[in-house]
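> sequence unavailable; structure follows:
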């Protein structure tokens, strides 16, 4: 399978992932010390919602487009503002025509002292990413496989920051590779924040990954924390488009779980397809 995110940019999974990413980076801003963001599978950076791929997929229409039109409480408006302000900055006339990927969400929240490393191996996506980050002294695009980059770039010299692991899940063994790569990186930098994205299609595969990561975190000295978030916009059917995705956050900010308890219930109606969406938010157990 040759995954192309242009078909899926701005969908429900991007919305949830980027809200979480923005909340974590906003938390990192509270201290003056510099931080580094490492994006292991960065993609093209900016996606044209008027392109053939985006129009054919149309997934952004039930994702970011609905969120932009949703009526939210004042508290949720404030919590999602850092993310949505970046989306609006790429759509200055108020009409959704472009969607910023994870590197641009991260870049939009960085201060002058912060740095971004964005890894992308696919030539067309890497060329596009270089184009949108050209002449940016705070961002570095690396022509390196994300699985090799993950252990190579930790720990960062700043000793603060986060690693976003968002692979395309093209290969059948992607869950196993993810677990192995995380284990190697975590051994080198057990105090870093890690955000791991995964599709929810096989409950066995997702539970195995979550338990393995939770065990590694619990065995660290001092022990690390984990937070599991899964969001489903409709029942997942075999062979159908993705309707459920998950995030596993290792060493999450202490504020994150409470913030998500405020945000997520308000996204169930606008992001649901054929009914309200559902979410799962919990501290995972290292063992079944």
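Looks like it came in fine. The structure presented is a predicted model; accordingly, all values stated were derived computationally and were not measured.
> neighbours around residue 80, how many?
24 (other CB atoms under 10 Å). In this view, the C-beta of every residue, glycine as well, is placed from N, C-alpha and C.
> surely it meets residue 263?
Yes. Using CB atoms under 8 Å, residue 80 is in contact with residue 263, at 6.6 Å.
> which residues are common contacts for the two?
residue 19 (CB atoms under 8 Å, 6 or more residues apart in numbering).
> can you pull out the helices in the stretch 151-288 of the chain?
Along the stretch 151-288 of the chain, counting by DSSP state H, counting those that start in this stretch, helices occupy 174-188, 203-219, 256-263, 268-271.
> what comes into contact with the shortest one?
By CB under 8 Å, 6+ apart, the list of residues contacting helix 268-271 from outside reads 12, 15, 62-63, 66-67, 69-70, 231, 233, 276-279.
> try it again with 7 Å
12, 15, 63, 66, 67, 70, 233, 276, 277, 278, 279 (CB atoms under 7 Å, 6 or more residues apart in numbering).
> buried among those? Make that a ChimeraX selection.
Here is the ChimeraX command that selects the buried residues among these (16 or more other CB atoms under 10 Å):
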select :12,15,63,66,67,233,277,279
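> with respect to pLDDT, which of the contacts of helix 268-271 ranks lowest?
Across the contacts of helix 268-271, the bottom pLDDT score, 90, is held by residue 276.
> ok, that one to residue 67 distance?
15 Å (CB to CB, to the nearest Å).
> mind listing the strands for this protein?
Assigned by DSSP state E, the chain shows strands spanning 36-39, 46-48, 98-100, 115-119, 139-142, 161-165, 193-199, 226-232, 244-250, 278-282.
> could you single out the most deeply buried of those?
Mean neighbours per residue, mean count of other CB atoms under 10 Å, is largest over the strands of the chain for strand 36-39, with a mean of 28.
> from the contact counts, what lies against it?
Helices and strands touching strand 36-39, by 3 or more CB pairs under 7 Å, 6 or more residues apart in numbering; DSSP states H and E, are helix 102-108, strand 115-119, strand 161-165.
> figure out how far the second one is from the centre of its chain.
Put plainly, it is strand 115-119. 14 Å (CA atoms, centre = their mean, to the nearest Å).
> cool, and the longest one?
On the basis of CA atoms, centre = their mean, helix 102-108 is displaced by 10 Å from the centre of the chain it belongs to.
> packing partners for it?
Using 3+ CB pairs under 7 Å, 6+ apart: helix 102-108 touches helix 12-28, strand 36-39, helix 74-89, strand 115-119.
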